[in-house]
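K.L.:
sequence plus the predicted model coming up.
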Amino acid sequence: LTRLYGPLTALSNVRVDVMSALVSFDRVFEVLDLTPSIAEKPDAVALPRGDGRVEFRDVWFRYPSAAEVSLASLEDVAALDRQANEPVLKGVSFTVEPGQMVALVGPSGAGKSTTSMLLSRVYDVTDGAVRVGGVDVRDATLGSLRDEIGVVTQDSHLFHETIAENLRYAKPDATDEELWAALRGAQIADLVRSLPDGLETVVGERGYRFSGGEKQRIAIARLLLKAPSIVVLDEATAHLDSESEAAVQRALSVALTGRTALVIAHRLSTVRDADQILVLDDGRVVERGRHDELVAVGGLYAELYRTQFAVAASPAPLVADAQEP
Ligand code: ATP
């Protein structure tokens, strides 16, 4: 998300302090409405609600140059152009059937975050197409995209407002009962209930300070309220204590059930469960398949598995994994 803020700040006249106050992609989308590069077409159509099929068709992408956003000085334009003209995605194609989970893996800089940002239309493709429910995302209304795609990132910010207000960004007309149901699904209802002001507790910098894992669960509660058919998830690399980690995992499994998921995967359990793993390297899908198939191939995935996923696993599963063939 940090990478997202950078270009957004450059793309618009919105002040940096406003940007840093953004809590969710919903808000980011509001800002993006101001940027010319992802304007809504006059004849844009609403995405079919609840479809959840995702297709990338020969997607090429290079980051927009400064000239295209017409903001930087001339020297900056030249410097940025040199850097930006390299495509970072080079013909990426894949399909995610409704309800399936795809795990994106690959070395740093391979294009995983870029792929996830193209799905939620933070940027438009340079060539090729991204389709949701059969509709090119460039032809969809921004409102329907926002409704269909929920994003959970590693750093979920909360506004200095009440818990109820923070949740209602996802669904302004949600009743208190709906808020509680979402909090229960996100495994955080008991904690909120124990606070003297309950849903009316003010949170954030100068209010009640949730831990990292608790903030993530509030973000998941927001996602449950919004009930998108597609979830884009950047799995945490930051270490949570094991109790918090377990609660976040339970909340995520509730949130992902029945939804299409595109996950930038850091957890062994995710790659093992994925219906499809896409291995990205230098902007291309170099391997695809399920965990066991890819381990058997003995290529880049097998190497990543040894160096990243086995290492990232918590001590208990690691022992169990090591004993498996
Ligand atoms: P990581 O695992 O390190 O997060 P990643 O696989 O998610 O990496 P991306 O963030 O998608 O990779 O980056 C792909 C390439 O695009 C990298 O070379 C990166 O430096 C470049 N890149 C990312 N953001 C921008 C930007 N705003 N402008 C220009 N280039 C960018």
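P.N.:
Sure, I can see it. Residues are numbered from 1 along each chain as shown.

K.L.:
contacts and neighbour counts: CA atoms only from here.
P.N.:
Will do.

K.L.:
now the helices for the stretch 101-250 of the chain?
P.N.:
In the stretch 101-250 of the chain, the segments counted as helices under DSSP state H, counting those that start in this stretch are 112-119, 142-148, 163-168, 176-185, 189-194, 212-226, 242-256.

K.L.:
and the ligand, which of those helices is closest to it?
P.N.:
Distance to the ligand, taken as C-alpha to the nearest ligand atom, is lowest for helix 112-119 among those, at 3.6 Å.

K.L.:
show me where this structure has strands.
P.N.:
54-61, 89-96, 101-105, 127-132, 135-136, 149-152, 230-234, 260-264, 276-281, 284-289 (DSSP state E).

K.L.:
ok, now which ones touch Thr162?
P.N.:
Leu199, Glu200, Thr201, Val202, Val203 (C-alpha atoms under 8 Å, 6 or more residues apart in numbering).

K.L.:
please redo it, this time with the cut-off set to 6 Å
P.N.:
By C-alpha atoms under 6 Å, 6 or more residues apart in numbering, the residues touching Thr162 are Glu200, Thr201, Val202, Val203.

K.L.:
neighbour-wise, which one of those leads?
P.N.:
In terms of neighbours by other C-alpha atoms under 10 Å, the contacts of Thr162 top out with Val202 at 20 neighbours.

K.L.:
quick check: beta-bridge partners of that one?
P.N.:
Thr162 (DSSP bridges).

K.L.:
how much space separates it from the ligand?
P.N.:
According to C-alpha to the nearest ligand atom, to the nearest Å, Val202 and the ligand sit 32 Å apart.

K.L.:
that residue contacts Glu161, doesn't it?
P.N.:
Yes: applying C-alpha atoms under 6 Å, one finds Val202 in contact with Glu161, separated by 5.0 Å.

K.L.:
shaky segments in the stretch 151-300 of the chain?
P.N.:
Counting by pLDDT under 70, the stretch 151-300 of the chain contains low-confidence residues at 237-239.

K.L.:
could you rerun that using 90?
P.N.:
Low-confidence segments of the stretch 151-300 of the chain (pLDDT under 90): 152-159, 204-216, 234-250, 253, 266-270.

K.L.:
returning to what we had before: let's have the contacts of Thr162 in JSON lines, adding distance to Ser242.
P.N.:
JSON lines is the format used below for the contacts of Thr162 (distance: C-alpha to C-alpha, whole Å):
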{"residue": "Glu200", "distance to Ser242": "28"}
{"residue": "Thr201", "distance to Ser242": "26"}
{"residue": "Val202", "distance to Ser242": "27"}
{"residue": "Val203", "distance to Ser242": "24"}
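
K.L.:
ok, of the residues you listed, which one's closest to the ligand?
P.N.:
Distances from the ligand to those, taken by C-alpha to the nearest ligand atom, are shortest for Val203, at 28.9 Å.

K.L.:
list the contacts for that closest one?
P.N.:
Residues in contact with Val203 (C-alpha under 6 Å, 6+ apart) are His160, Glu161, Thr162, Arg209.

K.L.:
now do 10 Å
P.N.:
Leu158, Phe159, His160, Glu161, Thr162, Ile163, Asn166, Arg209, Phe210, Lys215 (C-alpha atoms under 10 Å, 6 or more residues apart in numbering).

K.L.:
among those, name the buried ones.
P.N.:
Leu158, Phe159, His160, Glu161, Thr162, Ile163, Asn166, Lys215 (16 or more other C-alpha atoms under 10 Å).

K.L.:
what's the spacing between the fifth one and Leu233?
P.N.:
The reference is to Thr162. Look at Thr162 and Leu233: by C-alpha to C-alpha, to the nearest Å, they are 25 Å apart.

K.L.:
please apply the same query to Gln276.
P.N.:
As judged by C-alpha to C-alpha, Gln276 and Leu233 stand 15 Å apart.

K.L.:
Leu294 now?
P.N.:
For Leu294 relative to Leu233 (C-alpha to C-alpha), the value is 22 Å.

K.L.:
what's the answer for Ala181, then?
P.N.:
Between Ala181 and Leu233 the computed distance is 21 Å (C-alpha to C-alpha).

K.L.:
Leu278 touches Ala103, doesn't it?
P.N.:
Yes: Leu278 lies in contact with Ala103 (C-alpha atoms under 10 Å); the separation is 6.2 Å.

K.L.:
can you list residues touching both of these two?
P.N.:
Here Leu278 and Ala103 have Lys112, Ile264, Val271, Arg288, Gly289, Arg290 as joint contacts, going by C-alpha under 10 Å, 6+ apart.
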